[in-house]
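Asker: Predicted model, plus sequence, below.
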Amino acid sequence: MTLKQYARRGSRALIALVFGAIALSGIAIREISFGGPLFTQNQLQSDLIADILPPPEYIIEPFLEATTMVEDKQVAGHVESFASLRKAYEERKAYWRTAGIPGALNEQLEVSHKSADAFWQSADELINAAQGGDWVTAKQIHDTRLTPEFSAHKAEILKLVALAETEQKRLKEHSAMLLYLSVGGLLVSAGAIIAALLTGAKFLNRRVIAPVDATAEEMRQMAAGNFNIAISGAGRTDEIGQMAEAMHIFRETGIAKAEADAKQQRVVTELGEGLEQLAAGNMTHRIEKPFAAEYEALRTSFNRTVADLGDILSRVTESATHVDTGATQIRSAADDLSQRTEQQAASLEETSAAMSTVTAMAQETAKARNGVRQAIDEAHREAHEGGEVVRDAVKAMSEIEASAQQISQIITVIDGIAFQTNLLALNAGVEAARAGDAGKGFAVVANEVRALAQRSADAARDIKDLITTSGQHVAAGVGLVGQTGEMLGRIVTKVGEVSDLITSMAGATETQARNMAQVNETVSDMDTMTQQNAAMVEETTAAARSLASEAQGLRQLVTRFQLSGQAPYREAAPAKPARAKTRTAPASVGNLALAAEADDWSDF
């Protein structure tokens, strides 16, 4: 769909919408206008409420409550109704004073309030009298004051109703006049809008749509490649003129682009042929015919690039030859290194096993040293305990010698007592002899006592001799025990010295065992590293072989190119592999094995 069609359909739709809006506005205004259906319904509702609910401004209901109370002579229920009606009256009275109603209605409403206030004052007196049971006074207030005040209030209310109806009629007339003016203004505005839309549509069709349609046709022709057409709209100062200027630039650009495309096509053809020759490996091809000025640099760059690439490939060919030769030599050296590394790994493995054996022997020696040291310690302890026993024996023998000396002293005393007893017995015998027969019995006793004293002296002398002999033997035993104690002391000293020597030997043996363990661990690490080196040498050999294969492949690939001054391809002679020394692993172990391997490693 064209812009012209869009504009026409849009104008028609806009006009239809305006007419529809006017119709809907008229219907809505009619519905909401003063005197319209909604107003009528609202007025009916207001009239109905006014008919069925006179209070609070029209106090007919309070008057009926007062009349009923006086006639029934009963206060219950009426006082509460009076209070509720009085409250509603006061609230509406306060509302209408601030409601802003017209002046005449407000004045008449105040007049009705005065009559109502007088009524409420009399009603209060009537209620007081009724609550006090004075129904006569209440009846009198009702007939003489309350009824005339209600009649006066009714008359003022009727005047207020007449004024309200007059004001309502005036408002209705004013609303109708405003409605007619609004509808008329709306119709005039709608007509003006429709006329403006029609005029604008014609102007738009003549000044915009038709020129745009012609411009679109010209642009379609230029898009199809036809640049030899006249451009309409030239010289205009509006957007159509700007579009015409842009189309003029597009036409010139299109003509220039067609010429550039022709030049570019030639460049693409020449470069395509040159790239095909390059893909075929012909590095001697050059583009001889010059290009257009703007593409001449591209031709020069292509020729220079092909020449540089040929030079680089020549160098690559030469480098590939050298790499092939070097890779072959590296492969041969790597094979030789792999064999020697395997031999070294085997030797180190045997050395590691020998060191493990020596380390185990050193550990067994250390364990035996611990047993010897424990035995020497036990002997030293027992010798020390023997010395203590000998010292106790010497002490006991000294005590026995002292006891023997004391016994000898006691025997000397006994010997003296026996001598004295013998003297006394002798004196008693003398005295008994002097007494004659009377002293014979006493003489017998004296003889027995002397004999007993003599035996005691003999026994004491024998005991003394025995004690003396025993003392000599004890003294000799004490000397021997002392010599034994001294000998045991010297033995304990020597055993202590031997224990110290054994401890020193044990420390040296333990240090030697630790050193041997460290050497064993070092040899094991060397064995591990040698195994790893052997694996690395194998990987290096494989990499050298792969490098040699890649170098040969590179040379074969480079031979595809035709290079200026290219030398013929020659297969590189494989390098003579170095002869690996073969040897038998030595049967010796420990450091001797390492020394035996030194000569073989010096060759490497």
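Answerer: Yep, it's here.

Asker: The spatially most central residue of the chain: which element?
Answerer: Nearest residue to the geometric centre of the chain (Cα atoms, centre = their mean): residue 532, 41.0 Å. Under DSSP states H and E, the secondary-structure element containing residue 532 is helix 440-558.

Asker: before we move on, what about residue 138?
Answerer: Assigned by DSSP H and E, residue 138 falls within helix 135-141.

Asker: I'd like to know which elements the following helix or strand past that helix is packed against.
Answerer: Next helix or strand after helix 135-141 toward the C-terminus (DSSP H and E): helix 147-204. Based on contacts counted as 3 or more Cβ pairs under 8 Å, 6 or more residues apart in numbering; DSSP states H and E, the elements that helix 147-204 packs against are helix 3-32, helix 60-72, helix 103-131. No exception for glycine: its C-beta is placed from N, CA and C like everyone else's.

Asker: again, only this time at 10 Å
Answerer: Helix 147-204 sits against helix 3-32, helix 37-52, helix 60-72, helix 103-131, with contacts defined as 3 or more Cβ pairs under 10 Å, 6 or more residues apart in numbering; DSSP states H and E.

Asker: circling back to that earlier point, quick one: contacts of the helix holding residue 138?
Answerer: Where contact means Cβ atoms under 10 Å, 6 or more residues apart in numbering, the residues beyond helix 135-141 that reach it are 66, 69-71, 73-75, 122-132, 134, 142, 146-147.

Asker: Is it correct that residue 516 is in contact with residue 354?
Answerer: No - taking contacts as Cβ atoms under 10 Å, residue 516 lies outside contact range of residue 354: 11.2 Å.

Asker: quick one on the thing from earlier: buried residues in the helix holding residue 138, which are they?
Answerer: For helix 135-141, burial by neighbour count (16 or more other Cβ atoms under 10 Å) applies to 135, 138-139, 141.

Asker: Check stretch 543-552 too.
Answerer: Burial within stretch 543-552, assessed by neighbour count using 16+ other Cβ under 10 Å, is assigned to 544-545, 547-548, 551-552.

Asker: Could you report the separation of residue 247 from residue 208?
Answerer: With distances defined as Cβ to Cβ, to the nearest Å, the gap from residue 247 to residue 208 amounts to 16 Å.

Asker: neighbour-wise, which of these two wins?
Answerer: Shown here are residue 247 and residue 208; by other Cβ atoms under 10 Å, residue 247 has more neighbours (19 against 16).

Asker: Does that one lie in a helix or a strand, and which?
Answerer: Assignment of secondary structure by DSSP H and E places residue 247 within helix 239-279.

Asker: And the next helix or strand past that helix?
Answerer: Stepping forward along the backbone from helix 239-279, the first helix or strand reached (DSSP H and E) is helix 296-435.

Asker: now that next one: mean pLDDT?
Answerer: Per-residue pLDDT values over helix 296-435 give a mean of 74.

Asker: Likewise for stretch 58-78?
Answerer: If you average the pLDDT over stretch 58-78, you get 87.

Asker: can you check stretch 164-184 too?
Answerer: Stretch 164-184 carries an average pLDDT of 79.

Asker: For that stretch, buried residues please.
Answerer: Under the neighbour-count criterion of 16+ other Cβ under 10 Å, stretch 164-184 has 164, 175, 179, 183 buried.

Asker: okay, these in a markdown table with distance to residue 204 next?
Answerer: Listed next are these as a markdown table, based on distance: Cβ to Cβ, whole Å:
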| residue | distance to residue 204 |
| --- | --- |
| 164 | 57 |
| 175 | 42 |
| 179 | 36 |
| 183 | 31 |
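
Asker: pretty sure residue 22 contacts residue 182?
Answerer: No - using Cβ under 10 Å, residue 22 is not in contact with residue 182, being 11.7 Å away.

Asker: For the stretch 101-250 of the chain, give me the ranges with low pLDDT.
Answerer: Segments of the stretch 101-250 of the chain classed as low confidence (criterion: pLDDT under 70) are 233.

Asker: For residue 26, which non-adjacent residue is spatially closest?
Answerer: Once its chain neighbours are removed from consideration, residue 26 has its nearest residue in residue 183; the separation is 6.4 Å (Cβ to Cβ, 6 or more residues apart in numbering).

Asker: The one you found reaches residue 22, doesn't it?
Answerer: Yes - with contacts defined as Cβ under 10 Å, residue 183 counts as touching residue 22 at a distance of 9.1 Å.

Asker: Quick check: the gap between residue 246 and residue 351.
Answerer: To residue 351, residue 246 is 94 Å away according to Cβ to Cβ.

Asker: So the two - more neighbours on which side?
Answerer: Relative neighbour count places residue 351 above the other of residue 246 and residue 351, with 26 against 13, counting by other Cβ under 10 Å.

Asker: Make a markdown table out of the buried residues of helix 135-141 and add distance to residue 219.
Answerer: Output for the buried residues of helix 135-141, formatted as a markdown table (distance: Cβ to Cβ, whole Å):
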| residue | distance to residue 219 |
| --- | --- |
| 135 | 109 |
| 138 | 106 |
| 139 | 108 |
| 141 | 104 |
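
Asker: ok, which pair from those residues is furthest apart?
Answerer: Spatial extent of the buried residues of helix 135-141 (Cβ to Cβ) is set by the pair 135 and 141 at 10.5 Å.

Asker: related to what we said a few turns ago, now for the helix holding residue 532, which elements pack on it?
Answerer: Counting contacts by 3+ Cβ pairs under 10 Å, 6+ apart, helix 440-558 packs against helix 296-435, helix 591-603.

Asker: which stretch among these comes nearest residue 559?
Answerer: For these, distance to residue 559 was read as Cβ to Cβ. The smallest value, 7.5 Å, belongs to helix 296-435.

Asker: Can you name every helix or strand that that closest one contacts?
Answerer: Right, helix 296-435 is packed against helix 239-279, helix 440-558, helix 591-603 by 3+ Cβ pairs under 10 Å, 6+ apart.
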